[in-house]
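Sequence first, then the predicted structure:
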Amino acid sequence: MSEHLPVRSIVFIEGNECSDEIVIPQRLFTEWLDFFPHGSSMLATLTYEGLKRVVCIGSGHASEYLYCPQWILNHLGSLDDESLVTVEPYLETLPIATRIVLKVLYREDESMDLRSAVETHLDRFHVLEPETTLDIHAESPLCVWVEAVEPFGCVALGGEVILEFLEEEPEPEPEPEPEQPEQPEQQEQQPAIATSMTADQKEVMRLARIKRFTLQSS
């Protein structure tokens, strides 16, 4: 039942970028519709080079392309126009989410209502997996990381769930540079100057100068 399809970013359907819904060829949509009970979500598994993602099938399309929100494509890795993604129906029963743990990666407005923004965003999702980055299109930019979900693994959304935010870590302050100890000023030692020489000492000095000059010029 799996198919290998070229993939494109879903930019022509307003609102789908903020969801986990994909668009598949109409022939597959019609064929797979019978696999799912009436009123349940049509789920599928996307696989590319060993990376997998469980998503929801939103609708069918006349072309033979697979259309996905950009955030899903980012999770699947480096894709180009020639990449083929494996898509197949996901027929296992997922546990209903009871707890979601999130970590804020970036937010522009510190005063924004995090819980409200995340709840509104997740209302358009059907499934959720840990280690997922969510770029939330709220009144101001917000990015969160799904640290964990309960009971385990990939979960289905739609029931009452506990939303928990990990405490944000403050940015570390730069450590002050250690003070350098002052170096004592070193006084140059002046060579001792002889105040008086005997006749023999003067002669030795003269010969030493002659010898040193002779060695350098030979």
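Noted; the coordinates are in hand.

residue ranges of the helices in this protein, please?
Along the chain, counting by DSSP state H, helices occupy 26-32, 70-76, 114-122, 199-217.

Report pLDDT for residue 37.
Predicted confidence (pLDDT) for residue 37: 92.

Just give the number of residues close to it.
Residue 37: 6 surrounding residues under other Cβ atoms under 10 Å. (C-beta placed from N, C-alpha, C; glycine too.)

What are the structural domain limits within this structure?
Listed domain ranges for the chain are 3-89, 99-165 (source: automatic domain parsing).

and those domains as TSV, adding distance to residue 175?
Below are the domains of the chain laid out as TSV (distance: least, Cβ to Cβ, whole Å):
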stretch	distance to residue 175
domain 3-89	35
domain 99-165	24
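
Low-confidence regions, this protein specifically.
Within the chain, the stretches with pLDDT under 70 are 12-16, 168-174, 176, 178-218.

Point to the residue nearest the middle of it.
Nearest to the geometric centre of the chain sits residue 133, at 7.9 Å (Cα atoms, centre = their mean).

How about the contacts made by it?
By Cβ atoms under 8 Å, 6 or more residues apart in numbering, residue 133 lies in contact with 71, 74-75, 105, 143-146.

looking at those, which has the most residues close by?
Going by other Cβ under 10 Å, residue 144 tops the contacts of residue 133 with 23 neighbours.

ok, that residue to residue 101 distance?
Between residue 144 and residue 101 the computed distance is 10 Å (Cβ to Cβ, to the nearest Å).

With adjacent residues omitted, what lies nearest to residue 95?
Leaving aside its sequence neighbours, residue 95 sits nearest to residue 151 (Cβ to Cβ, 6 or more residues apart in numbering; 5.0 Å).
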